[in-house]
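Novice: with the sequence up front, the predicted model follows.
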Amino acid sequence: MITPDLGRLLAELTEDIDREIGVLIDRPGHITHVIVGEARGITIPKLDRMRTSPWRFLGLRCIHTRLGSDEVSQEDLTDLALLRLDLMAVLRVEREGDPGTIRIAHLLPPNSQNKNWEILPSRSLHQQFEFDQFIAALESEFASARLNGRPLGKRPRTMLVSVSSLPRSRMEDSLDEMAELADTAGLEVVGRWYQRRPAPDPRYLLGKGKLQELVIASLQASADMLLFDQELSPAQVRSIGDFTELRIQDRTQCILDIFAQQAKSRDGKLQVELAKLRYALPRLRMRDDMLSRLTGGIGARGPGETKMEISRRLIKDRISRLDRQIRELSRERQQRRSLRQRQQVPVVAIVGYTNAGKSTLLNTLTKSSVRVEDRLFATLDPASRRLRFPHEREIILTDTVGFIRDLPADLVNAFRATLEELSQARLLIHLVDASSQQFEDRMGAVERILGELGIADIPRLLVFNKIDRIGSRGQELAERFGALPITATDPATLPRLSSRIQTALWQGADRGPDAAQPRSSDSSSTAWSKSSAGREI
């Protein structure tokens, strides 16, 4: 691991300058770095050119001196884990400058005791230590743990992180939803991390000490990335990214990724791209290594335009083009709306929290086949269908994108052109998943978003869905909130909803729960007629 001569030289120099001295040694035994620290510690420089995966070691061992002690400090253990060093060793320096005992710490593969590292007993500098055999055996254990615990080809593994002043139970509820978002985005959740603090740390969100513990726990769980339940500022993204090699993602970016996966129409793809570019612009960053960021042609004076500035300009140009295209599509939609207004066909929009059952309700009412999945944001592109009622009346029933708490502002702005369909609605059906434990918080989130969109004054019909999942309590909840209880998958529960829609749109006409039930003598005028329901608008 270290020759006695090198150990004696380090000890003598430490005694002479009263500072700790460290060396980084590669596998063949060459010294790659010499570090002069302070009296009680060293600072390992950035090793950008030697990065590796969380499953492999860096290929460097660190050995540094300490006056009067060979204790491995918490800072040493943090460097060992974050840099994936082969090992960390502390050499005791006696008063006369003689080398004393040496203590070694090394990482451990995932284990039942959840131990991240092991500190070996103190040993003499002259005691034999077969480093090559030791590191080969340790890497073999890590490789075996990877193959047994994490099959290759699976989804990226993520650690969920929540930092908030809310009670622990509220944070757990929030991370439950975050876990659903991660699953929808194609991530595998391997752990959760909570910290309750009155205000977030402006640099690291959760404080540097806690961040060290989080990163070590993530490496122990074989996580590839950290997924934060809060939105990170550009400065926090940079600081956390400099601290760890793990990928960093926040709630906003996760939602944007989901929208990018689900967008099918031209409208949706343009709006998602616009939202992602607006999110990325203030977070754009490139490494400033040597002169790699400088450009310029022959004969140009000065360093020229930086790559960062070029990228920012290109992104701003693309944002401007997307804005123009979205405005053009918005004008086309306005023309279609004006045609419907001339025909005096009322629009009824289904709004609600994501995964509340809006698409299922649209399919059941109109005999349509809009895509339905039990996942968040399964439906991104709005769908409209005609629905006929008795007395030759019909409406346009619109299924909109689902809402979610703390919906990213960039996403709301990008989708404002699509959500403007809601402003033309005569009636909003606020669909609520009554089986959710957080249904009241979700109702409040939807109301806030409707207020932000400026459509809170449109008449609303509160409907509780999935009543079959909560038994007799469903009717009590509906009465308590003045809602209409239904099960979107069961057509037998929908006549009352149809009647309430008619009453809201055509006051005084066909009142009563049986007004919209099918007529055996005239199937063409029924609310669920196959010949008139489900036509795409």
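Specialist: Sure thing, it's come through.

Novice: tell me who's in contact with residue 57.
Specialist: 84-86, 107, 135, 138-139, 142 (CB atoms under 8 Å, 6 or more residues apart in numbering). For every residue, glycine as well, the C-beta is placed using N, CA and C.

Novice: confidence score at it?
Specialist: Here, the pLDDT recorded for residue 57 equals 82.

Novice: that one sits in which helix or strand?
Specialist: If you go by DSSP states H and E, residue 57 is not part of any helix or strand.

Novice: do residue 349 as well
Specialist: With DSSP H and E as the criterion, residue 349 is inside strand 347-352.

Novice: show me how far that strand is from its chain's centre.
Specialist: 28 Å (CA atoms, centre = their mean, to the nearest Å).

Novice: tell me the helix or strand right after that strand.
Specialist: Assigned by DSSP H and E, the successor of strand 347-352 is helix 358-366.

Novice: let's test this: mean pLDDT of that next one, rounded?
Specialist: pLDDT averaged over helix 358-366 gives 88.

Novice: check which helices and strands that helix is in contact with.
Specialist: strand 347-352, strand 383-389, strand 393-399, strand 427-433 (3 or more CB pairs under 8 Å, 6 or more residues apart in numbering; DSSP states H and E).

Novice: of all those, which lies closest to residue 336?
Specialist: strand 383-389 (9.5 Å; CB to CB).

Novice: got a pLDDT number for residue 292?
Specialist: 45.

Novice: now do the lengthiest helix in the chain against strand 347-352, angle only.
Specialist: In the chain, assigned by DSSP state H, the helix with the most residues is helix 307-342. For helix 307-342 against strand 347-352, the angle by axes from the mean of the first three to the mean of the last three CA atoms, to 10 degrees is 140 degrees.

Novice: list the buried residues in helix 307-342.
Specialist: 322, 325-326, 329, 333, 337 (16 or more other CB atoms under 10 Å).

Novice: same deal with stretch 200-208?
Specialist: Quick answer for stretch 200-208 (16+ other CB under 10 Å): 200-201, 204-207.

Novice: related to what we said a few turns ago, which residues are in contact with the strand holding residue 349?
Specialist: So strand 347-352 is in contact with 340, 358, 361-362, 384, 387, 395-400, 402-403, 421-422, 424-433, 446, 450, 501, 505, going by CB under 8 Å, 6+ apart.

Novice: show me where the stretch 1-150 of the chain has its strands.
Specialist: According to DSSP state E, counting those that start in this stretch, the stretch 1-150 of the chain carries its strands in the segments 21-26, 31-36, 60-67, 87-93, 99-107, 117-119, 123-124.

Novice: picking that back up, okay, the angle between the strand holding residue 349 and strand 383-389?
Specialist: 120 degrees.

Novice: what segments of the stretch 1-150 of the chain are helices?
Specialist: Along the stretch 1-150 of the chain, the segments classed as helices by DSSP state H, counting those that start in this stretch run 4-17, 74-83, 131-149.

Novice: kindly reformat these as JSON lines containing distance to residue 166, mean neighbour count and mean pLDDT.
Specialist: Formatted as JSON lines, those follow (distance: least, CB to CB, whole Å; neighbours: other CB atoms under 10 Å; pLDDT from 0 to 100):
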{"stretch": "helix 4-17", "distance to residue 166": "49", "mean neighbour count": "16", "mean pLDDT": "91"}
{"stretch": "helix 74-83", "distance to residue 166": "28", "mean neighbour count": "19", "mean pLDDT": "82"}
{"stretch": "helix 131-149", "distance to residue 166": "33", "mean neighbour count": "13", "mean pLDDT": "80"}
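
Novice: can I get the ones you listed in JSON lines with distance to residue 58?
Specialist: Conversion of those to JSON lines gives the following (distance: least, CB to CB, whole Å):
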{"stretch": "helix 4-17", "distance to residue 58": "20"}
{"stretch": "helix 74-83", "distance to residue 58": "6"}
{"stretch": "helix 131-149", "distance to residue 58": "11"}
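
Novice: ok, now how distant is the closest residue in space to residue 132 that isn't next to it in sequence from residue 58?
Specialist: In this structure, residue 132 finds its nearest non-sequential neighbour in residue 27, 7.9 Å apart by CB to CB, 6 or more residues apart in numbering. Using CB to CB, to the nearest Å, we find residue 27 at a distance of 10 Å from residue 58.

Novice: who has more neighbours out of the two?
Specialist: residue 58 (17 against 13; other CB atoms under 10 Å).

Novice: so that one makes contact with residue 86?
Specialist: Yes - when contacts are counted by CB atoms under 8 Å, residue 58 is listed as touching residue 86 (6.8 Å).

Novice: and the contacts of strand 347-352, which of them are buried?
Specialist: 358, 361-362, 384, 387, 395-400, 402-403, 421-422, 424-433, 446, 450, 501, 505.

Novice: so where do the helices sit in the stretch 151-300 of the chain?
Specialist: Going by DSSP H, counting those that start in this stretch, the stretch 151-300 of the chain shows helices at 168-184, 208-220, 234-243, 251-262, 266-280.

Novice: now render those as TSV, adding distance to residue 466.
Specialist: Formatted as TSV, the helices of the stretch 151-300 of the chain follow (distance: least, CB to CB, whole Å):
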stretch	distance to residue 466
helix 168-184	16
helix 208-220	35
helix 234-243	38
helix 251-262	22
helix 266-280	26
